[in-house]
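Participant: Have a look at this prediction, sequence included:
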Amino acid sequence: MPNAGNAQLGNSKTSATVRFASPQEMVIAHILTTSISQYNPTFAFDKTATDINGGAFLPGDSLLYQINFTNSGNDSSTNTVITDNLPAGTTYMPGSIRIGGVAKTDALGDDEADYDVTNNRILFRLGVGANSAAGGKIGPGVGSNVEFKVVSASACKIVSCVGSLRNSATINYSGRLSGSPLFDSSGVINSGCIIKGPVILPLSGTCFTPKDTLLVNKCATVNITLPWWKYAGYTFYSAKPFIPANIFNPYAPVTASGIYWAYYTNGEGCSDTARIAVIITICIDIDDDNDGIPDYVEFNNPLALQDHNTNGIPNWKDPLYPGYADTNLDGVNDNFDYGADSDNDGIPNFYDTDFPGFVDTNGDGVNDNADKDNDGIPNQYDLDSDNDGIPDVAESYGVDTNGDGIIDNYVDTDNDGLSQNVDANNTGVQGSGNGLGNLDLDGDGIPNYLDTDSDNDGIPDLVEALGTDANNDGRIDGFADANSDGIADSYILASALLLTGLDINPC
């Protein structure tokens, strides 16, 4: 048929009429051939993994993932986005996203890349015109690279479940001319050719078994970050059940006391859970659990309250005491405070195996000298340090009429953390005394709040308070403590075994 203008068949056409004619001959058409040029982008797309630590790849090592891409097609791509789902057994290293060597933030919606905590993936929006919401255009022959870092799991459970780290990425885009939605999957370079498939790194070597953990802030900082590097491969949750709505961003500072969980599952019956209790105290705070007994008293070492040079200043606050240290600047010798960090190595004294006299018979990581009942909560954070069901404040003859384990009418006008009704002054730490002290009814050298038989009559205090002690060990049966305050959930507030208060009996 006449086509004087040499018009082309447009995109997306599904049919055309072709007519043959000759003024002199009869034409019989047996076959019609045509050539249609297709214009679409396509990507050469490969991925590499480099062990940043060097040497053999071991649990806990960090990896640099780099994705190289080049448009090898004959059309530009539009809305070009790379999606990389982090491999099982790793955790993203914050601040490591790069596009073409240029750093990008982790946050959602502020530049061309982000780390999606909920879905555990990284998105790169690429090309000319890319922004915080959409990818841009990449022309034929144009390429670059993106990269990010991860920390590999060091927990034995994950190492055994995962076996190898397997990671691949996907690039999604549309053809500029065709408008067709297209994608390519990454591969690895082998003998100069890109072989589709994931980067695979076997993971094996020395590992550790996570335990329930207690984290406390160090003054003058009033927040703490969850140890995401230690729990690489786990997902963090701020509440149960372990559903997306309860996922917690482990890179966000924790500013209030609470319970968090590190949870891993491969969806096929291999899983692990670790409980992380966070305690945030004010700065300065010489009575971390607000029970009226200062931390240096709950340190339970007579040296803390003595005066080694008879200068009238007790050792716990005397700068002249041998080895005095105060890294948290609270006015208390760190060597008499299990919550401090006397050698400034980032490990609180109650966890630090270098701290003098460290012993851990139950393997929970906490110095037994700091934790009388071995429940994993050091005495100065534990409202019932001997786990006999009776709060320390009550056993020290303090007032606790509501059974919450905290001294009643708590007021702290001098900002030292010790309630004024047991504080010796209103001028701060240096004027503070021993609060409720370390009363010892039976004189056996064990303060009441640490003594499961404080009157030494052979009957556990727990039984005398009408609590249940089937095994006669002086400690609560079936102990459960959901909020890690040291008081059994079954014996608090209205259910408390012993409430104290003013004696209203005129007799």
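Facilitator: Okay, I see it.
Participant: can you list the weak-confidence ranges in this protein?
Facilitator: 1-6, 8-12, 35-36, 501-507 (pLDDT under 70).
Participant: Domain ranges for it, per the record?
Facilitator: The chain resolves into domains spanning 43-202, 213-279 when parsed by automatic domain parsing.
Participant: can I get the ones you listed in a markdown table with mean neighbour count and distance to Ile293?
Facilitator: From N, CA and C alone the C-beta is placed, and that goes for glycine too. Shown next, in a markdown table, are these (neighbours: other CB atoms under 10 Å; distance: least, CB to CB, whole Å):
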| stretch | mean neighbour count | distance to Ile293 |
| --- | --- | --- |
| domain 43-202 | 18 | 37 |
| domain 213-279 | 17 | 16 |
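Participant: Please convert the ones you listed to a markdown table, extending it with distance to Gly403.
Facilitator: Converted to a markdown table, those look like this (distance: least, CB to CB, whole Å):
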| stretch | distance to Gly403 |
| --- | --- |
| domain 43-202 | 39 |
| domain 213-279 | 19 |
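Participant: Ok, which of these comes nearest Tyr491?
Facilitator: domain 213-279 (18.9 Å; CB to CB).
Participant: Ends of the closest one, what's the gap?
Facilitator: Across domain 213-279, the terminal residues are separated by 11 Å (CA to CA, to the nearest Å).
Participant: And Lys317, how far from Ala88?
Facilitator: 51 Å (CB to CB, to the nearest Å).
Participant: oh, I was asking about Gly331
Facilitator: 48 Å.
Participant: so what's Val332 up against?
Facilitator: Ile286, Asp295, Tyr296, Trp316, Lys317, Asp326, Ala340, Val429 (CB atoms under 8 Å, 6 or more residues apart in numbering).
Participant: Could you tell me the phi and psi values at the second one?
Facilitator: When you say that, I think you mean Asp295. The phi/psi pair for Asp295 (degrees, to the nearest 10) reads phi -60, psi -40.
Participant: now the third one
Facilitator: Per-residue torsions, Tyr296: phi -70, psi -20 (degrees, to the nearest 10).
Participant: and if you look at the fifth one?
Facilitator: Torsion angles at Lys317 (phi, psi; degrees, to the nearest 10) stand at phi -130, psi 10.
Participant: Surely it touches Asp330?
Facilitator: No - counting by CB atoms under 8 Å, Lys317 stays clear of Asp330, with 9.8 Å between them.
Participant: okay, and the common contacts of these two?
Facilitator: Common neighbours of Lys317 and Asp330 (CB under 8 Å, 6+ apart) are Val429.
Participant: Compare these two (neighbour count), which wins?
Facilitator: Asp330 (24 against 21; other CB atoms under 10 Å).
Participant: right, and that one touches Asp285 too?
Facilitator: Yes - applying CB under 8 Å, one finds Asp330 in contact with Asp285, separated by 7.4 Å.
Participant: Next, show the common contact partners of the two.
Facilitator: With CB under 8 Å, 6+ apart, Asp330 and Asp285 have common neighbours Cys219.
Participant: sorry, back to before: indicate which one of the domains of the chain is closest to Asp291.
Facilitator: Once the domains of the chain are compared by CB to CB, domain 213-279 is nearest, at 13.7 Å.
Participant: What is the distance between that closest one and the centre of its chain?
Facilitator: 4 Å (CA atoms, centre = their mean, to the nearest Å).
Participant: What of stretch 46-57?
Facilitator: That offset, for stretch 46-57, works out to 25 Å (CA atoms, centre = their mean).
Participant: Residue numbering should commence at 15 henceforth.
Facilitator: With the count now opening at 15, the last piece we talked about shows up as stretch 60-71.
Participant: Near Leu46, how many other residues are there?
Facilitator: Leu46, neighbours per other CB under 10 Å, totals 7.
Participant: The nearest residue to Ala102 once chain neighbours are set aside and Gly103: what is the separation?
Facilitator: Spatially, and ignoring its direct neighbours in sequence, Ala102 is nearest to Val176 (5.4 Å; CB to CB, 6 or more residues apart in numbering). Going from Val176 to Gly103 by CB to CB gives 4 Å.
Participant: Can you check which residues contact both of these two?
Facilitator: Ala167, Leu217, Gly247.
Participant: So which of these are in helices?
Facilitator: Using DSSP state H, no member of the shared contacts of Val176 and Gly103 falls within helices.
Participant: how about TSV for these, with distance to Asp465 added?
Facilitator: TSV is the format used below for the shared contacts of Val176 and Gly103 (distance: CB to CB, whole Å):
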residue	distance to Asp465
Ala167	44
Leu217	49
Gly247	43
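Participant: ok, Gly481 - contacts?
Facilitator: Asp402, Gly403, Ile490, Tyr505, Leu511.
Participant: which of those tops the neighbour count?
Facilitator: So for the contacts of Gly481 (other CB under 10 Å), the most neighbours sit at Asp402, 33 neighbours.
Participant: Give me the three-state assignment for the closest residue to that residue other than its chain neighbours.
Facilitator: Among residues not flanking Asp402 along the chain, Leu476 sits closest, at 4.4 Å (CB to CB, 6+ apart). Look at Leu476: counting by DSSP: H, G, I helix; E, B strand; the rest coil, its state is helix.
Participant: Quick one: residues contacting Leu476.
Facilitator: Asp402, Gly403, Ile404, Thr466, Thr482, Asp483, Gly488, Arg489, Ile490, Leu511.
Participant: For those residues, could you give me CSV that also reports distance to Ile420 and secondary structure?
Facilitator: Formatted as CSV, the contacts of Leu476 follow (distance: CB to CB, whole Å; DSSP: H, G, I helix; E, B strand; the rest coil):
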residue, distance to Ile420, secondary structure
Asp402, 18, coil
Gly403, 16, coil
Ile404, 14, coil
Thr466, 22, coil
Thr482, 24, coil
Asp483, 25, coil
Gly488, 23, coil
Arg489, 21, coil
Ile490, 19, coil
Leu511, 16, coil
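Participant: ok, those vs Gly281, which is closest?
Facilitator: Among those, and counting by CB to CB, the member closest to Gly281 is Ile490, at 37.4 Å.
Participant: residues contacting the closest one?
Facilitator: Asn401, Asp402, Gly403, Leu476, Gly481, Thr482, Asp483, Ala502, Ser504, Tyr505.
Participant: where do the helices sit along the stretch 315-464 of the chain?
Facilitator: 316-319, 406-409 (DSSP state H, counting those that start in this stretch).
Participant: The first one packs against which elements?
Facilitator: If I follow you right, that is helix 316-319. Helix 316-319 sits against helix 309-312, with contacts defined as 3 or more CB pairs under 8 Å, 6 or more residues apart in numbering; DSSP states H and E.
Participant: Correct me if wrong: Asp130 contacts Phe138.
Facilitator: No - assessed by CB under 8 Å, Asp130 is found out of contact with Phe138, at 11.6 Å.
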